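>>> need a 3D model of the following:
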Amino acid sequence: MLHEIDKPTICALNGSAAGYGFDMAMGCDMRLMSDKAKLSAAFTRRGIVPESGGTWLLPRLLGWAKAAELIFTGRTLNARESLELGLVSSICAPEEVADKAAALAAEIASSAPLAVQASKRMMRMGLEETFNDHVHHVYLQLLPLMQTEDQREGMAAFMEKRDAVFKGR
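Next comes the predicted model:
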């Protein structure tokens, strides 16, 4: 389900996520992590495979070799290792995780919602398309966006050097 949602998803990890929880976290668009939290694709250590998207997501996030290492070993990663691999975008103290996730959500919410949703759709499609096909699909997404009130507001705000107020239409 996370893969099909057009709205951005943020995972605020303030504890350990292993197995299914790991796959759920990886399924989100962005991940913030407590410096005390841990991640583990522990499936093979339990005699099973990542059944909730991990074998599809992890190679795309990390490349084949790193994904294979994490999936085959079931190794547990601390916050610093997760950040270095690019599995999370930032780490912070446990008491800051919720506020940082809310601040990121607010920053995203200040952008034009139709453009954010279209961007997420295009990013998903781009994972499976050639460059030329993708550029064509982006153009097809751009045309209706150019007719929206939000696009006019965004351009006016830029020209007037002020923050835009988007309404999602």
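>>> the closest residue in space to Leu57 that isn't next to it in sequence and Ala164: what is the separation?
Nearest residue to Leu57, sequence neighbours excluded (CB to CB, 6 or more residues apart in numbering): Met26, at 4.7 Å. C-beta coordinates here come from the backbone N, C-alpha and C atoms, glycine included. Distance of Met26 to Ala164, computed by CB to CB, to the nearest Å: 32 Å.
>>> now do Leu62
According to CB to CB, Leu62 and Ala164 sit 35 Å apart.
>>> return the backbone torsion pair for the spatially most central residue of the chain.
For the chain, the residue nearest the mean C-alpha position is Asp29 (1.2 Å; CA atoms, centre = their mean). Note on Asp29: backbone dihedrals following degrees, to the nearest 10 are phi -70, psi -40.
>>> likewise Arg31?
Per degrees, to the nearest 10, the backbone of Arg31 is at phi -140, psi 130.
>>> from here on, call the first residue 30.
With the count now opening at 30, the last piece we talked about shows up as Arg60.
>>> for Lys196, see how far away it is.
Arg60 is 29 Å from Lys196, by CB to CB.
>>> Glu189 versus the closest residue to Gly197 other than its chain neighbours, what's the distance?
Using CB to CB, 6+ apart and skipping the chain neighbours, the partner closest in space to Gly197 is Pro142 (4.3 Å). Distance of Pro142 to Glu189, computed by CB to CB: 21 Å.
>>> which one of these two is surrounded by more residues?
Legend: neighbour count by other CB atoms under 10 Å for Pro142 and Glu189, higher for Pro142 (18 against 9).
>>> pull stretch 158-168 out as CSV, backbone CA atoms only.
What follows is stretch 158-168, C-alpha atoms only, in CSV (Å, rounded to 0.1, in the frame of the first residue of the first chain):
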residue,chain,number,x,y,z
GLU,A,158,11.2,3.3,-17.4
THR,A,159,13.9,4.4,-19.9
PHE,A,160,15.0,8.0,-19.7
ASN,A,161,13.2,9.0,-22.9
ASP,A,162,9.9,7.3,-21.9
HIS,A,163,10.2,8.9,-18.5
VAL,A,164,10.7,12.4,-19.9
HIS,A,165,7.6,12.0,-22.0
HIS,A,166,5.6,10.9,-19.0
VAL,A,167,6.9,13.9,-17.0
TYR,A,168,5.8,16.2,-19.8
